[in-house]
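Chemist: Next input, structure requested:
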Amino acid sequence: MGKDSKAAGGKGKGKQPAGGVMMLHRRVKEKQERGRSRNLHICQRFLPFSATSHGNSRHILCEKQGKINEAYKKLQDGWLSNGDKVPPAEFAKIAAEYSECPSGKKGGDLGWFPRGKMAGPFQEVAFNTPVGVTSAPFKST
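Modeler: Numbers count the residues shown, from 1 in each chain. This is a model prediction of the structure:
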């Protein structure tokens with residue numbers, strides 16, 4: 001356990017031990033996963049699903065609670081406070097303004113997707129929200 005044990009530990013100049021690369025990779029992956037778990041959504045189902053196996057929804061995705069709350073307040077002030085359903089065109093306008101997802105440019109339209117493709121909480125809300133109804137903000141990956 002003389003000189004060789006120090007070199008194997010990687011404390012010399014120049015080379016980093018393989019474990020350090022794995023540790024860095026793990027930290028990057030953990031940071032990405034933490035970022036994904038903080039996504040907040042508002043979902044609107046706007047077409048009936050085909051035999052409950054495929055869905056078609058719009059959504060607004062934001063990383064910050066304040067931003068999703070602001071978008072939801074706009075929806076509430078215009079429609080939800082009256083108990084009315086938010087028209088798809090109005091939801092699309094707010095999605096284009098607030099959503100941080102690439103689908104925001106298309107009014108939050110996610111197109112048709114099969115059951116099982118979306119993350120658990122999002123899928124549950126998307127498939128269980130009545131047509132035309134807008135969900136409250138919720139967290140999803």
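Chemist: rest of the way, CA atoms for contacts and neighbours
Modeler: Fine.
Chemist: what ranges of the protein fall below the confidence cut-off?
Modeler: 1-38, 46-52 (pLDDT under 70).
Chemist: same thing but 90
Modeler: For the chain, applying pLDDT under 90 flags the ranges 1-58, 74-91, 111-134, 140-141.
Chemist: What separation do you get for Asp77 and Glu90?
Modeler: 12 Å (Cα to Cα, to the nearest Å).
Chemist: more neighbours, these two?
Modeler: Using other Cα atoms under 10 Å, the more surrounded residue of Asp77 and Glu90 is Glu90, with 14 against 10.
Chemist: Next, that one: secondary structure please.
Modeler: helix (DSSP: H, G, I helix; E, B strand; the rest coil).
Chemist: do you know how far it is from Ile42?
Modeler: Taken as Cα to Cα, the span from Glu90 to Ile42 is 13 Å.
Chemist: Over to Trp112?
Modeler: Taken as Cα to Cα, the span from Trp112 to Ile42 is 17 Å.
Chemist: For those two, work out which one has more neighbours and name it.
Modeler: Ile42 (26 against 13).
Chemist: Quick check: phi and psi on the more buried one?
Modeler: Main-chain dihedrals, Ile42, degrees, to the nearest 10: phi -130, psi 130.
Chemist: residues in contact with the helix or strand Ala96 falls within?
Modeler: Here Ala96 sits within helix 88-98, counting by DSSP states H and E. Where contact means Cα atoms under 8 Å, 6 or more residues apart in numbering, the residues beyond helix 88-98 that reach it are 44, 46, 58-62, 67-68, 71, 74-75, 104-109, 132.
Chemist: buried subset of the residues you listed?
Modeler: 44, 46, 58-62, 68, 71, 75, 104-105, 107-109, 132 (16 or more other Cα atoms under 10 Å).
Chemist: now, among those, which is nearest to Lys85?
Modeler: Ranked by distance to Lys85 (Cα to Cα), these are led by Gly132 at 5.9 Å.
Chemist: sec struct for Leu61, please.
Modeler: Leu61 is classified as strand under three-state DSSP.
Chemist: Contact partners for it?
Modeler: By Cα under 8 Å, 6+ apart, the neighbours of Leu61 are Asn39, Leu40, His41, Ile42, Ile68, Tyr98, Ser99, Glu100, Cys101.
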